[in-house]
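A.B. asks: Got a predicted structure here, sequence first:
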Amino acid sequence: MINSTIETEEDIQIIKEYTLLPILLDMLARDIEELSLQQNKLIYNLVIFYLKGIESSIHLELKTLRSKMRQQRIQVLNTTMNALGVEVEYKVRGYIHRFKMLRSLVKAELMILLMRLWEAPK
């Protein structure tokens, strides 16, 4: 039997993705807006189309993560972003935990997530 006070690797992965996906959404929105300024370029329109598909995938993924979080009694209490990275305070089954991700790790994890979403079947 798993000790309910200890967070599992799955719990940490859920929280990490739940933290990173909104950051990725913001980045995509910014890039789509910039590319939209060049609407007369055919290739930009194609890239925008794919980026909007990834946005939709992120929204579905966030919905799934929220459901898992409710089932596993996980709650994100506070997320702080600064020049150094991201710090998250969260509760797992009644116990409060924290983790930090340096900016370089956040960038690497965002690229991994983006590639996974890009390759996901449409």
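C.D. replies: Okay, I see it.
A.B. asks: And the strands in the chain?
C.D. replies: 74-82, 85-92, 95-102 (DSSP state E).
A.B. asks: Columns distance to residue 116 and mean neighbour count on top of those strands, output as JSON lines?
C.D. replies: From N, CA and C alone the C-beta is placed, and that goes for glycine too. Output for the strands of the chain, formatted as JSON lines (distance: least, Cβ to Cβ, whole Å; neighbours: other Cβ atoms under 10 Å):
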{"stretch": "strand 74-82", "distance to residue 116": "21", "mean neighbour count": "13"}
{"stretch": "strand 85-92", "distance to residue 116": "19", "mean neighbour count": "18"}
{"stretch": "strand 95-102", "distance to residue 116": "17", "mean neighbour count": "13"}
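A.B. asks: what would those strands look like in a markdown table with distance to residue 12 and mean pLDDT?
C.D. replies: Formatted as a markdown table, the strands of the chain follow (distance: least, Cβ to Cβ, whole Å; pLDDT from 0 to 100):
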| stretch | distance to residue 12 | mean pLDDT |
| --- | --- | --- |
| strand 74-82 | 10 | 95 |
| strand 85-92 | 9 | 96 |
| strand 95-102 | 7 | 94 |
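A.B. asks: how about the ones you listed in CSV, adding distance to residue 6?
C.D. replies: Shown next, in CSV, are those (distance: least, Cβ to Cβ, whole Å):
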stretch, distance to residue 6
strand 74-82, 13
strand 85-92, 8
strand 95-102, 8
